[in-house]
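A.B. asks: Predicted model and sequence below, questions to follow.
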Amino acid sequence: SEGKLTFPYQRIGMFKSLQELSKFPGGKMMDNVASSVCSFLVSSYKED
C-alpha cells in the first residue's frame, strides 16, 4: 500500500488540507486544483 492513503483518516485529512488551502488569499488559484485532486481521490478510493 505504499503511496496510497490506506486509512480513511488519511483521506479525510487530504480533503481537509485542500479545502483549507483554497480559503487563503491567493489560494483561489488552488480552487481548480483542489477540485481536480478531490475528484481523483474519490475515484481512486470509491471501492474502499
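C.D. replies: Cool, the structure landed.

A.B. asks: Buried residues of stretch 32-48, list them for me.
C.D. replies: Buried residues in stretch 32-48, counted by 16 or more other C-beta atoms under 10 Å: A34. Yep, even glycine has a C-beta here, placed from its N, CA and C like the rest.

A.B. asks: How about residues contacting that stretch?
C.D. replies: The contact list for stretch 32-48 (C-beta atoms under 8 Å, 6 or more residues apart in numbering) reads 5, 8, 11, 14-15, 18-19, 21-22.

A.B. asks: Show the buried residues in these.
C.D. replies: Looking at the contacts of stretch 32-48 with 16+ other C-beta under 10 Å, the buried ones turn out to be 5, 11, 18, 22.

A.B. asks: Need the max-distance pair from those.
C.D. replies: Greatest spatial distance among the buried ones among the contacts of stretch 32-48 (C-beta to C-beta): L5 and S22, at 19.0 Å.

A.B. asks: Give the full set of residues in contact with the spatially most central residue of the chain.
C.D. replies: Most central in the chain under C-alpha atoms, centre = their mean is F15, positioned 3.6 Å from the mean C-alpha point. Neighbour list for F15: 38, 41 [criterion: C-beta under 8 Å, 6+ apart].

A.B. asks: Nothing else from me, thank you.
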